[in-house]
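Enquirer: Everything below, folded, please.
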Amino acid sequence: MAKTLADLKGYHIVGKHSAVKTCLWLKKSLKDEGYCYKQKFYGIPSHRCLQMSPALICNLSCVHCWRPLDLMPPFKEWDEPEFIVEESIKAQRRLLSGFFGTAGVNRRKLEEALNPKHVAISLIGEPTLYPRIDELVDEYKKRNFTTFLVTNGTNPQALERVEPYQLYLSLTAYDEESHKALQGNKWDKIEESLRILPNLDFRTVIRLTLIKDVNMKPEKFAEIIDKASPDFVEAKAYMYLGYSRRRLKAENMPEHEDVRRFAEELAKLTGYEIKDESEVSRVVLLVR
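Expert: Presented below is the predicted three-dimensional model:
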């Protein structure tokens, strides 16, 4: 079990409470071995994506979470947004520097990767707990980044301040009872965020983390989708990885066919249409 931030393998800690990590798909893209489903669905080039978090803390305890979230030592004040952005880019470059000696790397892509153009604020923890998340997003935008912000929906006030290119609200539960069983005790906040979602003037996504024999009930999510009216819905399989293996079984990880059937039923119930899918990532994209 990891005991300190330094024990997080592959993470580069930025300042007092942020982190950067190059994801599997960036590495595959550099070797022309594949790319993330976000490139397939939304045109985001995997090799130019910076994956980071400004808050290595979380306010939920999700059964499916595979990250360690109890490592943050006490600190007195938050880092400035400008500092986090600048240092996260430097951290990405340091993480990429080792690829110059790696066989099979596409050199053109590697040179491009040194200047990331997209940021996925979603690595670990709940990013809206960083109190200046709106300024952080704006700071990346000043540098011509497209910005994907992923939240668990427990900080609705933050959603009214931020203006990312695309906002993800990640859902596992469909009501207060399932939320208590799977995540924690903040369903009222999530409901408030869902009410805010239709009024936002940027692209919105509800991502459903599907756990086999636990929450794969499309009829339970259909009403939420109708009310929140996101631009996109991602139905995505829970992955049996990391710390989640202490709480769930391998059998709880749906096959892609399971996710596809769930998405087809959800489409019938909501009027959304299936637009794309990625079998390797076990995710299906629906559009309004």
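Enquirer: Surely E251 is in contact with K212?
Expert: Yes. Taking contact to mean Cβ atoms under 8 Å, the distance of 6.6 Å between E251 and K212 places them in contact. (C-beta placed from N, C-alpha, C; glycine too.)
Enquirer: Which one of the two is surrounded by more residues?
Expert: Neighbours were tallied for E251 and for K212 using other Cβ atoms under 10 Å; the higher tally belongs to K212 (19 against 9).
Enquirer: And for F75, the neighbour number?
Expert: The burial metric for F75, expressed as a neighbour count using other Cβ under 10 Å, is 10.
Enquirer: my read: it touches H17, true?
Expert: Yes. Under the criterion of Cβ under 8 Å, F75 lies in contact with H17, with a separation of 6.2 Å.
Enquirer: ranges for the helices of the stretch 51-200 of the chain?
Expert: Counting by DSSP state H, counting those that start in this stretch, one finds helices in the stretch 51-200 of the chain at the ranges 81-97, 107-113, 133-142, 156-159, 176-182, 187-196.
Enquirer: which one of those helices is the most hemmed in?
Expert: Each of the helices of the stretch 51-200 of the chain was assessed for mean neighbour count using mean count of other Cβ atoms under 10 Å. The highest is helix 133-142, with a mean of 20.
Enquirer: elements contacting that helix?
Expert: Packed against helix 133-142, as judged by 3 or more Cβ pairs under 8 Å, 6 or more residues apart in numbering; DSSP states H and E, are the following elements: helix 81-97, strand 118-121, strand 146-151.
Enquirer: Can you tell me what sits against that helix?
Expert: With contacts defined as Cβ atoms under 8 Å, 6 or more residues apart in numbering, helix 133-142 is touched by 54, 81-82, 84-85, 119, 121, 127, 130, 147, 149, 158, 161-165.
Enquirer: Spit out the contact partners of I224.
Expert: Residues near I224 by Cβ under 8 Å, 6+ apart: 171, 174, 194, 206.
Enquirer: What separation is there between it and V150?
Expert: 17 Å (Cβ to Cβ, to the nearest Å).
Enquirer: now do K220
Expert: Using Cβ to Cβ, one obtains 22 Å as the distance from K220 to V150.
Enquirer: Looking at the two, which one has more neighbours?
Expert: Shown here are K220 and V150; by other Cβ under 10 Å, V150 has more neighbours (20 against 13).
Enquirer: Now do the same contact list for the closest residue to the more buried one other than its chain neighbours.
Expert: Nearest residue to V150, sequence neighbours excluded (Cβ to Cβ, 6 or more residues apart in numbering): S122, at 3.5 Å. When contacts are counted by Cβ under 8 Å, 6+ apart, S122 is found next to 51, 53, 148-150, 168.
Enquirer: how close does S122 sit to P54?
Expert: Relative to P54, and taking Cβ to Cβ, S122 is found at 11 Å.
Enquirer: now stretch 40-58, how far from the centre of its chain.
Expert: Its chain's average C-alpha position is 7 Å from that of stretch 40-58, according to Cα atoms, centre = their mean, to the nearest Å.
Enquirer: Pull out the buried residues from that stretch.
Expert: Judged by neighbour count using 16 or more other Cβ atoms under 10 Å, the buried positions of stretch 40-58 are 40-42, 44-58.
Enquirer: picking up where we left off before, mean pLDDT and distance to Y140 added to the helices and strands packed on helix 133-142, as TSV?
Expert: Formatted as TSV, the entries for those read as follows, by pLDDT from 0 to 100; distance: least, Cβ to Cβ, whole Å:
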stretch	mean pLDDT	distance to Y140
helix 81-97	97	6
strand 118-121	97	5
strand 146-151	98	5
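Enquirer: Save the ones you listed as CSV, and put in distance to R288 too.
Expert: Formatted as CSV, the helices and strands packed on helix 133-142 follow (distance: least, Cβ to Cβ, whole Å):
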stretch, distance to R288
helix 81-97, 32
strand 118-121, 22
strand 146-151, 18
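Enquirer: Would you tell me which of those gets closest to H64?
Expert: Judged by Cβ to Cβ, the one of the helices and strands packed on helix 133-142 that comes nearest to H64 is strand 146-151, at 14.2 Å.
Enquirer: so what does that closest one touch, helix or strand wise?
Expert: In terms of contacts (3+ Cβ pairs under 8 Å, 6+ apart), strand 146-151 is packed against strand 118-121, helix 133-142, strand 166-171.
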